[in-house]
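> predicted structure and sequence below. I'll ask about it afterward.
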Amino acid sequence: MATVGDIGVSAFINILGAFAFLLAFALLRIQPINDRVYFPKWYISGKRTSPTHRGNFVGKFVNLNFKTYLTFLSWMPQALRMSEAEIISHAGLDSAVFLRIYILGLKIFGPITIMALLVLIPINVSGGTLFFLSKELVVSDIDKLSISNVHPKSIRFFAHISMEYLFTFWTCFMLYKEYDRVASMRLRFLASQNRRAEQFTVLVRNVPYVSGRSISDSVDNFFKKNHPDHYLCHQAVYDAKKFARLIRKRDRLQNWLDYYQRKFERHPDKRPTRKTGFLGLWGERVDPIDYYKQQINDFDRRLTMERQKILKDPKSIMPAAFVSFNSRWGAAVCAQTQQSKNPTLWLTNWAPEPRDVYWKNLAIPFVSLSIRKLVISLAVFALVFFYMIPIAFVQSLANLEGLEREASWLRPVIEVKFIKSFLQGFLPGLALKIFLYILPTVLLIMSKVEGHVALSVLERRAAAKYYYFMLVNVFLGSIVAGTAFEQLHAFLNQSPTQIPRTIGVSIPMKATFFMTYIMVDGWAGIASEILRLKSLIIFHLKSMFLVKTERDRERAMNPGSVDFPETIPSLQLYFLLGIVYAVVTPILLPFILVFFAFAYLVYRHQIINVYNQQYESVAAFWPHVHSRIIASLLISQLLLLGLLSTKKAANSTPLLVALPVLTLAFHKYCKHRFEPAFRKYPLEEAMEKDIQDQTSEPNASLKSYLADAYLHPIFNSFKEVELSEVRVDKNQTQIPSSSVEGSKHQHSPSHPVSEAGSPSPPHYSYHYEDQQDYNVHHYEQPYSFFHYGAESPSNGYRY
């Protein structure tokens, strides 16, 4: 078991590591050669240019302004300078609300930490129970600060119960205020939006096949019949995996052509040449510019043939469609009602925003969805138990004394002071972090197999799986396995009737392990996040060996986004640890508080300067955050109830019974009061927005505006595609070539204009397969239509 000295060693190692990461970041970020790694957000928005284009040769790589080295920590106050309104305008509501989770943690645990340290620590220290049990149980000085040190049947337990009530009421009060604020922010955000394609569009799945009729005709007939006053048009969804592969190959050829053309422009006196074999090592020597132009022309012909094949083959049309309406009200009615007496057909829901669509899962039938979810649920269940093996191994490192008593041959090695402190104070948290490294990726793949059609939903489902995993394995698994290793001697030598008492005393002692985990993951781990060492190395490797054009350089920049499937469950684990141990072992709370403050600062900097969100869910994840903090409260109450029962506190324990009931009643109230704002779109709100649009733009043509909003990514990425062939209105499959030419002039690839002058929605990066390389628009500016009363300055944060 970790002692005060072991915790000190762990704190020293992690603080030193965090300081080293921060120092390295502060120095690397001001070097011109690293500018795209640490400020990609500003490059994407077009408000920053590369400093490597200015100055002398050395100045392109190394910062020669020595004054900046004296203010290398200036990023900290600058990260706090941007207001929340400006963050919403700059990075979107999702990013702003994500930061509010850290603020919520500080608001909850700040007062709780002060109260717990002032009231509960003195009560626990003066208990003295562990002094008498030290011969049969493995204890440390830190454990004497926990509730385990209080005598059985002691009147002191009334203080712990009172604190549990106080902490619960304070947490619920802050949760209510935050839920109310986030719900208001969401509604204001939606109300402030200009016309958006997803406001008028519904995703229809499981469209039934009708003999002699295409899917497109079935959709058109169904909605003309059942929504005659509001149905506008629809966009079919195509199965085009082969076409997508050809697009990616064509992009690679185009990249090589751009590279050799730029090379020839720099040295016009020398025409470039290369061999046609693998990596240019063998084969016929040719002029690469002419060679790649010919290759691209051949690919264009193949793409045209493949596209025509897809458009003419009824089997290529998936049983799904994006159906658009002439009003938000009509779309809301369709999205929030059952369309058929057979509830498995004509399934409707709000369409994700175009960036958020995961095209690969659109065609999965209803029966297959149910089977997939069942299989994945069983797989997650098996994965949880499989991970019990490494969790038990980690706990064996954290609790060496129990092993020493039963395996005395390990004692000579373990008893070396520094080795013991390292093994118990630092290695367990690091080992657990390593074992958890690949898990979020595995769970995200599982969520994709489940069949969800939006990236935001995929990430929320992966986050839910990761949370349950953290709850069962990291929290409960560490306690059970750790208690077994910790008190191995007591378990083997006591009578079965004494085992519950031993567990009741031992569970609070696991706080020492969680302290080491918080320091590794929440201190050093967060510091490593801001350094972006992996992204830095990959960027420079790509720049050296793969980057041939500016488009390559933009791809190599890869700013990433907030990793919701991993960060939100980890946050919820910290809430769980803080709430559970606030009464049981209060000394853990300062570690939690440091994490929330430090992580808030780091993620604020990353959101302002680095991350570029792939989608905007308008804080749809907040109900899950709220529900899991409520679950943490319930777990803490039940755990304290169990602990007091082992302490024979018969007089005080019944007072806790009412607390879980009150907590559940509060959760039910919040669910009915706030959650509808995150699940449904009020018809009243929809009608108000429609009336505003009719007043401000009476002649706007919605049909033209929505024409290619949900155009399949393969057609959006191929610049020569005749858009009119795959337009929304599917009363005819193809349009004559003359119309095609007219469409080309009428609708430019980047910003088509409607008949009434309404610009078509911007095209975003789509997600058909796991790679996005074939898309023309890889990086788009973040949501900038929501100003919230403040404009994002162009130069205020370019540091």
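In hand now; what should we look at?

> all strands for this protein, in order.
Under the criterion DSSP state E, the chain contains strands at 201-205, 231-238, 274-275, 285-286, 317-325, 347-350.

> what's next to the second one, contact-wise?
Residues outside strand 231-238 that contact it (CB atoms under 8 Å, 6 or more residues apart in numbering): 200, 204, 215-216, 219-220, 223-224, 310-311, 316-318, 320-326, 330, 359, 362-363, 702-703, 706-712, 714, 726-730. Placement of C-beta: from N, CA and C, glycine included.

> ok, R36 touching Y43?
Yes - assessed by CB atoms under 8 Å, R36 is found in contact with Y43 at 6.1 Å.

> what touches both of those two?
Common contacts of R36 and Y43 (CB under 8 Å, 6+ apart): 50, 557.

> tally of neighbours for F39?
F39 has 23 neighbours, counted by other CB atoms under 10 Å.

> numbering from 26 from now on, please.
In the new numbering, first residue 26, that becomes F64.

> contacts only, for V405.
Neighbours of V405 in contact, by CB under 8 Å, 6+ apart: 468, 471, 490, 493-494.

> if we can go back for a sec, tell me which of R61 and Y68 has more neighbours.
Set R61 next to Y68 and count neighbours by other CB under 10 Å: R61 wins out with 23 against 19.

> thinking again about what came up before, of the strands of the chain, which is nearest R275?
For the strands of the chain, the distance to R275 is smallest for strand 256-263, at 17.9 Å, taking CB to CB.

> so what are the sheet partners of the closest one and their directions?
According to DSSP bridges, strand 256-263 forms sheet pairs with strand 342-350 (antiparallel).

> okay, now D315: neighbour count?
Here the number of neighbours of D315 (other CB under 10 Å) works out to 12.

> separation between the residue positioned nearest the centre of the chain and Q56?
The chain has F589 as the residue nearest its centroid, 1.5 Å off, counting by CA atoms, centre = their mean. Per CB to CB, to the nearest Å, F589 is found 30 Å from Q56.

> same deal with L408?
42 Å.

> what do you get for G135?
Distance of G135 to Q56, given as CB to CB: 37 Å.

> could I get the average pLDDT for stretch 700-709?
In this model, stretch 700-709 has a mean pLDDT of 89.

> count the residues that sit near E700.
Neighbours around E700, by other CB under 10 Å: 16.

> let me fix that, I meant to ask about V62.
Neighbourhood size, V62 [other CB under 10 Å]: 23.

> now swap in the one 5 residues further on and tell me
Neighbour count of W67, defined by other CB under 10 Å: 23.

> over to W281?
18.

> surely it and K318 touch.
No - look at W281 against K318 with CB under 8 Å: they stay out of range, at 10.6 Å.

> how about L669: what's its closest non-neighbour residue?
In this structure, L669 finds its nearest non-sequential neighbour in T678, 4.4 Å apart by CB to CB, 6 or more residues apart in numbering.

> still on that earlier bit, can you select the buried ones from the contacts of V405 in PyMOL?
Selection of buried members from these for PyMOL, criterion 16 or more other CB atoms under 10 Å:
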select buried, resi 468+471+490+493+494
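
> hmm, which two among the contacts of V405 are most spread apart?
For these, the farthest-apart pair by CB to CB is M471 and Y493; their separation is 12.2 Å.

> ok, now which ones touch I543?
Residues near I543 by CB under 8 Å, 6+ apart: 454, 599, 602, 613, 616-617, 620.

> one more pass at 6 Å, please.
616, 620 (CB atoms under 6 Å, 6 or more residues apart in numbering).

> what of V478?
Going by CB under 6 Å, 6+ apart, V478 touches 383, 386-387.

> would you list the phi and psi of it?
Main-chain dihedrals, V478, degrees, to the nearest 10: phi -100, psi 0.

> excluding its backbone neighbours, what's nearest it?
Once flanking residues are discounted, V478 sits nearest to N386: 5.0 Å by CB to CB, 6+ apart.

> show me where the stretch 426-575 of the chain has its helices.
Counting by DSSP state H, counting those that start in this stretch, the stretch 426-575 of the chain has helices at residues 436-439, 442-450, 452-460, 464-475, 480-494, 503-511, 513-518, 524-531, 536-542, 550-556, 558-570, 575-582.
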